[in-house]
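**Q** Pasting the sequence and the predicted model now:
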Amino acid sequence: MANDLAFIEFVVDQIDPSCDVRFRHMFGGCTLYSHDKVVALICDDQLFVKPTEAGRSFIGGVVEAPPYEGAKDSFLIGDKIEDGEWLTQLITLTAAELPAPKPRRKKKR
């Protein structure tokens, strides 16, 4: 699941700053967050957006695939990665539909 940092930065740069997107390398892939919600994964230099009804309606003919072996299907985004306005709208719709992250519990020592 190796990722090229230039590809990750390219994807993030396509998304409007209002989405507050950040990324974190995890488990050989990369997780994208929007307003602290996990909205997408980048695995093997491919973008996988978490499936939501709003995202499905927006995309239309979705292509679904698992980002890695054993994972649930996500929306596989191909050439539309280069359309920043489109990608920003998809990330905005996805983040709006996802629940707020659960507060982290403090570890007991």
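**A** Right, received. Where do you want to start? Numbers count the residues shown, from 1 in each chain.

**Q** From the contact counts, what lies against the worst-scoring helix or strand of the chain on mean pLDDT?
**A** Within the chain, judged by mean pLDDT, DSSP states H and E, the helix or strand with the poorest mean is strand 21-26; its value is a mean of 91. Where contact means 3 or more CB pairs under 8 Å, 6 or more residues apart in numbering; DSSP states H and E, strand 21-26 is packed against helix 5-14, strand 29-34. (Each C-beta comes from the backbone N, C-alpha and C, glycine too.)

**Q** And the longest one, how far out from the chain middle?
**A** Meaning helix 5-14. Centre-to-centre, helix 5-14 and its host chain are 12 Å apart (CA atoms, centre = their mean, to the nearest Å).

**Q** buried residues in that helix?
**A** Within helix 5-14, the residues that count as buried by 16 or more other CB atoms under 10 Å are Phe7, Ile8, Val11, Val12, Gln14.

**Q** same thing with stretch 61-73?
**A** For stretch 61-73, a neighbour-count test (16+ other CB under 10 Å) marks Val62, Pro67 as buried.

**Q** picking that back up, please list the residues outside the least confident helix or strand of the chain that contact it.
**A** Here strand 21-26 makes contact (CB atoms under 8 Å, 6 or more residues apart in numbering) with Asn3, Ile8, Val12, Ile15, Cys30, Thr31, Leu32, Tyr33, Ser34, Val39, Ile42, Ile91.

**Q** In a markdown table: those residues, plus distance to Arg24 and pLDDT.
**A** Below are the contacts of strand 21-26 laid out as a markdown table (distance: CB to CB, whole Å; pLDDT from 0 to 100):
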| residue | distance to Arg24 | pLDDT |
| --- | --- | --- |
| Asn3 | 12 | 74 |
| Ile8 | 10 | 92 |
| Val12 | 11 | 95 |
| Ile15 | 15 | 96 |
| Cys30 | 7 | 93 |
| Thr31 | 5 | 94 |
| Leu32 | 8 | 96 |
| Tyr33 | 7 | 96 |
| Ser34 | 13 | 96 |
| Val39 | 12 | 97 |
| Ile42 | 11 | 95 |
| Ile91 | 16 | 97 |
